[in-house]
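Visitor: let's see this in three dimensions:
(2 chains)
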Amino acid sequence: MSDNIPSDLKYTKSHEWVRQAQNGTIEIGITDHAQSALGDLVFVEVPDVGRALKAGEACAVVESVKAASDVYSPLAGKVVAHNEALAGKPELLNEDPYGAGWLFRLETAASADAASLMTAGAYETFLAEESK
Amino acid sequence: MAFIPHTSDDIARMLEVIGVRSIEDLFDEIPAELRAGTLNVPAPLSEMEIGRLMTERAATDGRPLNFIGAGAYEHHIPAPVWAIATRGEFYSAYTPYQAEASQGTLQLIYEYQSMMCALTGMEVSNASLYDGASALAEACLMAVRSNRSSTSRRILMPRAVNPTYAQVAQAIAGNQDISFVPVDFDRSAGRTLLEALKPHGGQDFTALVLQQPNFFGSLEEVDALTDWAHQNKIMLIAVVNPTSLALLKPPALWGSKVDAAQGADIVCGEGQALGVPLASGGPYFGFMATRMQYVRQMPGRIVGRTVDVEGRPGFSLTLQAREQHIRRSKATSNICTNQGLMVTAATIYMSLLGPQGLEAVAQASMQRTADLIAALTQVAGVKRAFTAPHFHEAVLLLDRPPAAILAALSRRGILGGLDLSERYPELGHALLVCATETKLGVDIDAYATALAEVMSASVRKAPRENYS
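Guide: Take a look at the predicted model:
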């Protein structure tokens, strides 16, 4: 099984991806592996703009017909935007997990280079370990 | 033939397969000190013995003339209700595990949900909950999950809400770091005043609970209280009597604005009055309804209407990802049992009565209670406690403690009401009485006559008591 793991992103063990964006914000979503494991999504709940998040805090929910999972904030920060399109089209997350299916943006003092995050290579190794 | 699913041979074989010596060994991981030890219960009885015991016990109840309400109401239940509900196709307490295999059961629940939405005016109802009190506890938990503008986990709980409900909410939600702040009621009106809420304005509260009619049977000024809650970004949890909704404004429309989005946010209550007979503690059923925007935070099962691959209509359990078998510890509730059989009876009851029938029940009950109050307050030493309008229940004040009076009435086969003096000592010798459509003029006269006799007899025995 080959998952799409873009090399310019950082990853977490709970299958979120992190993209360094402009002006000190980061963009967060869930990985291709995560969306594929969940199956067809029917509902996505994203955190309210303005909400302050701790690193590791459960802040979004992705719900498929068979499961609902929490999404954890990879870093501490304040939510500055969320993906409103997902409310009406949760399937965007299945179709384009690294693009149109993004979840929210955080304003954060930390950067995507934080030591707690994995590189694409490390995430790929992690997935291989996990599937053993 | 033995009516047991597994023979001792079956059990021995199963234990062998999993490599365990005895059933007891399966519980090894529970430390001895946490175990119940020996239970002091009597030996099993045969069917004949248990039948006899229950008949004897039931006979001690007699057939009293009942004027107690306080959350459980004696209404006439048309004979078809239980004749249909106890048919083999329906006669189960549970939603089947392979739910979609039982389309009839699912359709019935779907119809029930539709009826509850029609009564409350809300957009979506669940398939029922355990009872009214636990439904309120669930509503409080749901409000904490749903009210994004509040972080306080504090809920305003008027003292005019059924104290048993408040106690159950405290027991369930109190252990989840949710606190309840009491709101006093007006001593002369017998309802919650806006003035009592105002000191809490501008603070962070998650929800306000509002019971209509309240525990005293009084009608709250729900529009003003709902407006206040929403102005303060507080969610409004309505606890309602479903019979009363045939006459009163549906909670979805509470508030002064015409816009339905301004009404109650969560509606819950006890459904027993809809075709479930009075019994010692149940089974009854709780109901809950809400706006579509909060549906994913609503606990319990929900049946939806859908179509199969060939486009034929059908019913299925929906939004199950909220439930405990999928979300485990993060489920919206881990008390997801619905009261399937009670809901079956309620659905048949509502179908048989229809909107006009339910309205007639509500109107007759309200009238009989008015007649009861008029008759009882003719008795010397009895007066009305409150001035607020009532539905089918009201509080009386006696000139002496109600306990002895109720005991004397009980010996005459009359259950004269609920003594409030323990729960509400500040009210004095208060007695909560109720009359539904089942109480005729002769019953009310019988109560009034008996009360007059008991009161005058007890005056002779105990002449000095403080008038409250």
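Visitor: once you drop chain neighbours, what's closest to the residue of the stretch 1-150 of chain B found nearest chain A?
Guide: Using CB to the nearest CB, residue B:148 is the residue of the stretch 1-150 of chain B that sits closest to chain A, at 5.8 Å. From N, CA and C alone the C-beta is placed, and that goes for glycine too. Leaving out its chain neighbours, the residue that sits closest to residue B:148 by CB to CB, 6 or more residues apart in numbering or on different chains is residue A:48, at 5.8 Å.
Visitor: right, and the helix or strand after the helix or strand harbouring residue B:57?
Guide: Per DSSP states H and E, residue B:57 falls inside helix B:47-61. Helices and strands here follow DSSP H and E; after helix B:47-61, the next one along the chain is strand B:65-66.
Visitor: right, and residue B:352 touches residue B:81 too?
Guide: Yes: with contact defined as CB atoms under 8 Å, residue B:352 counts as touching residue B:81 (6.8 Å).
Visitor: is the residue nearest to residue A:71 when sequence neighbours are not counted in a helix, a strand, or coil?
Guide: Leaving aside its sequence neighbours, residue A:71 sits nearest to residue A:60 (CB to CB, 6+ apart; 3.8 Å). Following DSSP: H, G, I helix; E, B strand; the rest coil, we place residue A:60 in the strand state.
Visitor: how near is residue A:60 to chain B?
Guide: Distance, residue A:60 to chain B, using CB to the nearest CB, to the nearest Å: 13 Å.
Visitor: enumerate every residue touching that residue.
Guide: Taking CB atoms under 8 Å, 6 or more residues apart in numbering or on different chains, we find residue A:60 in contact with A:44-47, A:70-71, A:103-104.
Visitor: just the buried ones from these, in ChimeraX syntax?
Guide: Burial among the contacts of residue A:60 is assessed by 16 or more other CB atoms under 10 Å in any protein chain shown; the matching ChimeraX selection reads:
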select /A:44,45,46,47,71,103,104
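Visitor: quick one: which two of the contacts of residue A:60 are the most distant?
Guide: Farthest-apart pair in the contacts of residue A:60 is A:70 and A:104; separation 13.5 Å (CB to CB).
Visitor: quickly list what's touching both of these two.
Guide: A:59-60.
Visitor: leaving out chain neighbours, which residue sits closest to the residue of the stretch 151-300 of chain B found nearest chain A?
Guide: Using CB to the nearest CB, the closest approach of the stretch 151-300 of chain B to chain A is made by residue B:296 at 6.8 Å. With CB to CB, 6+ apart as the criterion, residue B:296 has its nearest non-adjacent residue at 5.9 Å, and that residue is residue B:322.
Visitor: can you check residue A:11 too?
Guide: That would be residue A:123: by CB to CB, 6+ apart, it lies 3.7 Å from residue A:11.
Visitor: what does residue B:432 give?
Guide: residue B:418 (4.4 Å).
Visitor: the one you found contacts residue B:424, correct?
Guide: No: counting by CB under 8 Å, residue B:418 does not reach residue B:424; the two are 10.7 Å apart.
Visitor: neighbours of residue B:379, just the number please.
Guide: 20 (other CB atoms under 10 Å in any protein chain shown).
Visitor: I'd say it and residue B:448 touch.
Guide: Yes: with contact defined as CB under 8 Å, residue B:379 counts as touching residue B:448 (6.3 Å).
Visitor: tell me what the helix or strand that contains residue B:110 is packed against?
Guide: In this assignment (DSSP H and E), residue B:110 forms part of helix B:103-120. Here helix B:103-120 touches strand B:124-125, strand B:286-290, strand B:302-307, strand B:313-318, helix B:340-376, going by 3 or more CB pairs under 8 Å, 6 or more residues apart in numbering or on different chains; DSSP states H and E.
Visitor: that one to strand B:302-307, inter-axis angle?
Guide: Taking axes from the mean of the first three to the mean of the last three CA atoms, to 10 degrees, one finds helix B:103-120 and strand B:302-307 inclined to each other by 110 degrees.
Visitor: quick one: helix B:103-120 to strand B:286-290, angle?
Guide: If you take the same axes, to 10 degrees, helix B:103-120 sits at 70 degrees to strand B:286-290.
Visitor: any stretches of chain A with poor pLDDT?
Guide: Across chain A, the ranges flagged by pLDDT under 70 are A:1-2.
Visitor: can you rerun that using 50?
Guide: A:1 (pLDDT under 50).
Visitor: OK, now which residue of it is nearest to chain B?
Guide: Distances between chain A and chain B by CB to the nearest CB are smallest at residue A:68, namely 3.8 Å.
Visitor: can you count the residues close to residue 73?
Guide: In the absence of a named chain, chain A is used. Neighbours of residue A:73 (other CB under 10 Å): 28.
Visitor: wrong one, I was asking about chain B
Guide: For residue B:73, the count of nearby residues is 23 (other CB under 10 Å).
Visitor: so how far is the helix or strand in which residue B:267 is found off the chain centroid?
Guide: Secondary structure assignment for residue B:267, by DSSP H and E: strand B:266-270. Chain-centre distance of strand B:266-270: 8 Å, with CA atoms, centre = their mean, to the nearest Å.
Visitor: does the residue of the stretch 201-350 of chain B found nearest chain A belong to a helix, a strand or coil?
Guide: The stretch 201-350 of chain B approaches chain A most closely through residue B:321 (3.8 Å), counting by CB to the nearest CB. Here residue B:321 is recorded as helix under three-state DSSP.
Visitor: not counting sequence-adjacent ones, nearest residue to it?
Guide: Per CB to CB, 6+ apart, closest to residue B:321 is residue A:68, 3.8 Å.
Visitor: what of residue B:457?
Guide: Nearest one to residue B:457, counting by CB to CB, 6+ apart, is residue B:408 at 7.3 Å.
Visitor: and that neighbour, its phi and psi?
Guide: phi -70, psi -40 (degrees, to the nearest 10).
Visitor: so how far is chain A from it?
Guide: Residue B:408 is 59 Å from chain A, by CB to the nearest CB.
Visitor: count residues in the vicinity of that residue, would you?
Guide: Residue B:408, neighbours per other CB under 10 Å, totals 18.
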